[in-house]
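[1] turn this into a structure:
(4 chains)
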Protein chains: 2
Amino acid sequence: MSDQKIRNMEEFAAASGLSRPTISKYFNDPGSVRAKTRERIEAALERYEFRPNIFAMNQNRSLTKNVGIVVPYLADPFFAEIARIIQRRCIDAGFTPILYSAHGEQKLEGEILEGLTALKPAGVFLAPLGRLSDRGAIDRFCRNVPTVLFDSNIEGMGEAFVGSDNFSFVKQTVDYLCRTGAPPCFFEMRTPANPNANKRRHAYLKVMAEAGLEPHVVQVEGEGWGFEEIGRRGAHEVLERHTLPTNTVLCSNDRLAIGFLAGCYERGLRVGRGEGCALRVASHDDHPFSRFTCPSLTTAAHQYELVADKCMETLFSLIEAGGRFETREETLIPARLILRASA
Amino acid sequence: MSDQKIRNMEEFAAASGLSRPTISKYFNDPGSVRAKTRERIEAALERYEFRPNIFAMNQNRSLTKNVGIVVPYLADPFFAEIARIIQRRCIDAGFTPILYSAHGEQKLEGEILEGLTALKPAGVFLAPLGRLSDRGAIDRFCRNVPTVLFDSNIEGMGEAFVGSDNFSFVKQTVDYLCRTGAPPCFFEMRTPANPNANKRRHAYLKVMAEAGLEPHVVQVEGEGWGFEEIGRRGAHEVLERHTLPTNTVLCSNDRLAIGFLAGCYERGLRVGRGEGCALRVASHDDHPFSRFTCPSLTTAAHQYELVADKCMETLFSLIEAGGRFETREETLIPARLILRASA
DNA sequence: GTTTTTTCTTTACGCGCGTAAATTTGTGAT
DNA sequence: ATCACAAATTTACGCGCGTAAAGAAAAAAC
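    Numbers count the residues shown, from 1 in each chain, chains lettered A, B, ... in the order given. You can find the predicted model right below:
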């Protein structure tokens, strides 16, 4: 390692005995220069550890190596986990992932998208807020930036969507509950922010209808992203008033279920499928904490790796296609049923 | 809104009837131009919605408006929460926060710091991995970039540290447990990655000694960031072998406690302070989920807002001081005791 | 109305790199 | 050795903005 400081590509080219355009070529694609040249550059790189100025690089490129990852709420471990996997894939593929969370706020989501546009990203993975999103702002963004929506679909926006097959989620849990006990009622928020919630309700109604069973949807009030508290309060309400139509409860998502289980515990109700249990509770998502609820939660799990892989794959082909697809691609990943103690 | 497209500052200057350097001044500090001029610019801004090219801006500035926020593990809601608050403060202060998670990996932490250096940030909030960090890499980074460490202290690195007063955390929980029942044993991982864990153990030993009580430290094996599972397994171990020295357990942190409570539940043990309860369990952090454990968790809470505010305040004065402090500042924020059902 | 001070304009250069065109050098096959 | 072709070099321009210097214009002070 030489003590001589390299200030720019010009100096580095001189130090390695090559021309600046050749160095520039190397950094844009190391494979685009002859093997011997590459070796000389890499040898010089070890001695001087030069790195091209990222701002100057991006200024003169129509599209950068930046990839935006936008999630609606990072304090939700589901999004933290999916973001983590996508991020790693991006790094491995030579991109520079930049992670954003809208923290449940429409205004912040808008600001993020504006700022992201200025970064001229090669592509963006966007999990929108859903009902709270400013559709106009998202549409405008998707027109300017190659975008893959994930988790939460907004019809017609973005070049592709990668999400979960909500029917598969609900079908598996309902079938399991019916097979091993009684048909469930469906427990959810009355005005969910996330479109998956609506899809799950519809799936529940359809599955029950196909099985010739009478559906029961139990809806609780509540706004915002404090799902656990909404689930807990909801549990107290329905248990207090005895308005629960069955003893088998299928929650729309794990965070609601976590709250629901807490509510049951507070009321001294035992949940599970053994004897002495007053209720069975199952859910969807396989939230990282659902393994540690009391009792542990039976749930339909996202296949995080599959979703992330499909996201990456979609973005790659989108970039290769120049940022636009002929027709909007939609990929739905099925669930994997996880049997635990709660049902 | 005019349909005419503005491509750069030159064109925008022409459109607003001013010179480019004046526009440049405005964007660097809107207050540095006369009020009337500012109005003219802002009027033009509404018509053409021009935004200066971020790459060209940063290229010619020695320090940017970027602020890095680096946390060790974003899937831990504690970090998600603290990052969220700091991020909002940064935005409100006119900075551009960029969030990174090392996801528990030393290599990734190193790569993040390298990439961050290239962004010439005005300042960085760094919560290092702790024991797993490459101290050399962190030291090198802190020398090049104005850095405020938070959460996890590494002696001598960074210009300042903002964290929690672990003694205050442990003092409050121990005192409460002693006052309302029996002195606790201390439950923790044998080889914790985070230095706060060691400080909490020492605080426990000190508080117990000061009260003239015999301390009992219970350590469980386990590596990585799956604290809940480690706590759960630990609970089964100590309960199976009856090696728990007391019926009052103080966990080092909430994630361990969440696992511990799950273990207790699985063994049919009732936790709480009422009659019929076999154990009392308390902990530290006020993890966002500790409200929803069964039973809900008594814990010493971080004062998230205070920590975030102090972080911002420190970074501001650090930036004003030109990126260096005479002496390294250390701020420790005390805890707030939250009484719930588990103890 | 004149002077002083602040603000703005004009002009000009530099930042570090992308990239195109034309030329030269190097490589491998005939 | 000759040719064809790939790869590297030289030269040159542009990206969009920061920023400095000098002079002009506007605002404030007298």
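[2] show me the shaky parts of the stretch 201-343 of chain A.
    Within the stretch 201-343 of chain A, not a single segment meets pLDDT under 70.
[3] one more time with 90, if that's ok
    A:223-225, A:274-276, A:288, A:316, A:319-323 (pLDDT under 90).
[4] any idea where the helices of it begin and end?
    Ranges of helices within the stretch 201-343 of chain A are A:227-240, A:254-266, A:304-320, based on DSSP state H, counting those that start in this stretch.
[5] okay, those helices, which one's buried deepest?
    Ranked by mean neighbour count, the helices of the stretch 201-343 of chain A are led by helix A:254-266 with a mean of 27 (mean count of other Cβ atoms under 10 Å in any protein chain shown). The way it works is simple: take the backbone N, C-alpha and C, and place the C-beta from them, glycine included.
[6] at the contact with chain B, which residues of the stretch 101-250 of chain A appear?
    Taking Cβ under 8 Å from any Cβ of the partner chain as the measure of proximity, the stretch 101-250 of chain A contacts chain B at A:101, A:103, A:108, A:111, A:114, A:115, A:118, A:119, A:120, A:228, A:229, A:232.
[7] quick revisit: could the helices of the stretch 201-343 of chain A be laid out in a markdown table, adding distance to residue A:87?
    Written out in a markdown table, the entries for the helices of the stretch 201-343 of chain A read as follows (distance: least, Cβ to Cβ, whole Å):
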| stretch | distance to residue A:87 |
| --- | --- |
| helix A:227-240 | 24 |
| helix A:254-266 | 22 |
| helix A:304-320 | 9 |
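[8] of all those, which lies closest to residue A:282?
    In terms of Cβ to Cβ, the element of the helices of the stretch 201-343 of chain A nearest to residue A:282 is helix A:254-266, at 7.6 Å.
[9] helices and strands around that closest one, which ones?
    Judged by 3 or more Cβ pairs under 8 Å, 6 or more residues apart in numbering or on different chains; DSSP states H and E, helix A:254-266 is in contact with strand A:185-189, helix A:227-240, strand A:248-251, strand A:280-285.
[10] ok, back up a step: mind listing which of the residues of the stretch 101-250 of chain A next to chain B are in helices?
    Counting by DSSP state H, the part of those found in helices is A:108, A:111, A:114, A:115, A:118, A:228, A:229, A:232.
[11] distance of residue A:176 from residue A:125?
    Separation of residue A:176 from residue A:125 (Cβ to Cβ, to the nearest Å): 32 Å.
[12] comparing those two, which residue is more hemmed in?
    residue A:125 (29 against 18; other Cβ atoms under 10 Å in any protein chain shown).
[13] so the more buried one: helix, strand or coil?
    Taken by DSSP: H, G, I helix; E, B strand; the rest coil, the conformation at residue A:125 corresponds to strand.
[14] excluding chain neighbours, what is closest to it?
    Nearest residue to residue A:125 in three dimensions, chain neighbours excluded: residue A:69, at 4.8 Å (Cβ to Cβ, 6 or more residues apart in numbering or on different chains).
[15] ok, then the element right after the strand or helix carrying the one you found?
    Using DSSP states H and E, residue A:69 sits within strand A:66-71. Following strand A:66-71 in sequence order, the next helix or strand is helix A:77-92 (DSSP H and E).
[16] using PDB, write out every CA atom in that following helix.
    Extracted in PDB, the C-alpha atoms of helix A:77-92 (Å, rounded to 0.1, in the frame of the first residue of the first chain):
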ATOM      1  CA  PRO A  77     -40.700  -7.100  11.400                       C
ATOM      2  CA  PHE A  78     -42.300  -8.600   8.300                       C
ATOM      3  CA  PHE A  79     -41.100  -5.700   6.200                       C
ATOM      4  CA  ALA A  80     -37.800  -5.600   8.000                       C
ATOM      5  CA  GLU A  81     -37.300  -9.200   7.100                       C
ATOM      6  CA  ILE A  82     -38.300  -9.000   3.400                       C
ATOM      7  CA  ALA A  83     -36.300  -5.800   3.000                       C
ATOM      8  CA  ARG A  84     -33.300  -7.500   4.500                       C
ATOM      9  CA  ILE A  85     -33.400 -10.300   2.000                       C
ATOM     10  CA  ILE A  86     -34.000  -8.100  -1.000                       C
ATOM     11  CA  GLN A  87     -31.200  -5.800   0.100                       C
ATOM     12  CA  ARG A  88     -28.700  -8.600   0.300                       C
ATOM     13  CA  ARG A  89     -29.700  -9.900  -3.200                       C
ATOM     14  CA  CYS A  90     -29.200  -6.400  -4.500                       C
ATOM     15  CA  ILE A  91     -25.700  -6.100  -3.000                       C
ATOM     16  CA  ASP A  92     -24.800  -9.500  -4.400                       C
END
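[17] helices or strands up against it?
    By 3+ Cβ pairs under 8 Å, 6+ apart, helix A:77-92 packs against strand A:66-71, strand A:96-101, helix A:304-320, helix B:77-92, strand B:96-101.
[18] angle of it against helix A:254-266?
    Per axes from the mean of the first three to the mean of the last three Cα atoms, to 10 degrees, the angle that helix A:77-92 makes with helix A:254-266 is 150 degrees.
[19] report the mean per-residue pLDDT for helix A:77-92.
    Mean pLDDT, helix A:77-92: 90.
[20] just stretch A:98-114 next, same as before
    Averaging pLDDT along stretch A:98-114 gives 94.
[21] what's that stretch in contact with?
    For stretch A:98-114, contacts defined as Cβ atoms under 8 Å, 6 or more residues apart in numbering or on different chains pick out A:66-75, A:79, A:83, A:87, A:116, A:119, A:121, A:126, A:128-129, A:132-134, A:137-138, A:141, A:224-225, B:51, B:74, B:80, B:84, B:87-88, B:91, B:98-101.
[22] also stretch A:55-65?
    The contact list for stretch A:55-65 (Cβ under 8 Å, 6+ apart) reads A:27, A:66, A:94-96, A:119-122, A:323, B:53, B:55-56, B:58-59.
[23] just the pLDDT at the residue nearest to residue A:125, thanks.
    So residue A:69 comes in at 97 (pLDDT).
[24] tell me the contacts of it?
    A:83, A:86, A:87, A:90, A:97, A:98, A:99, A:100, A:124, A:125.
[25] can you give me the distance of residue A:141 to residue B:206?
    Using Cβ to Cβ, residue A:141 is found at 54 Å from residue B:206.
[26] one more: residue A:181?
    53 Å.
[27] ditto for residue A:62
    Plainly put, residue A:62 is 61 Å away from residue B:206 if you go by Cβ to Cβ.
[28] higher neighbour count, those two?
    Comparing residue A:62 with residue B:206 by other Cβ under 10 Å, the one with more neighbours is residue B:206, at 15 against 6.
[29] hang on, isn't the more buried one packed against residue B:166?
    No. With contacts defined as Cβ atoms under 8 Å, residue B:206 does not count as touching residue B:166, sitting 10.6 Å away.
[30] burial measure for residue A:212, as a count.
    Neighbours of residue A:212 using other Cβ under 10 Å come to 6.
[31] and stretch A:115-131, does that touch DNA strand C?
    No. Shown here: stretch A:115-131 not in contact with DNA strand C (Cβ under 7 Å from any atom of the strand), separated by at least 11.8 Å.
[32] near DNA strand D, anything from that stretch?
    No. Stretch A:115-131 does not reach DNA strand D (Cβ under 7 Å from any atom of the strand); its nearest approach is 9.8 Å.
[33] which non-adjacent residue is nearest whatever residue of the stretch 201-343 of chain A ends up closest to DNA strand D?
    Distance from DNA strand D to each residue of the stretch 201-343 of chain A (Cβ to the nearest atom of the strand) is smallest for residue A:323, at 18.2 Å. Take residue A:323 and drop its neighbours on the chain: the residue closest to it by Cβ to Cβ, 6+ apart is residue A:146, 3.8 Å away.
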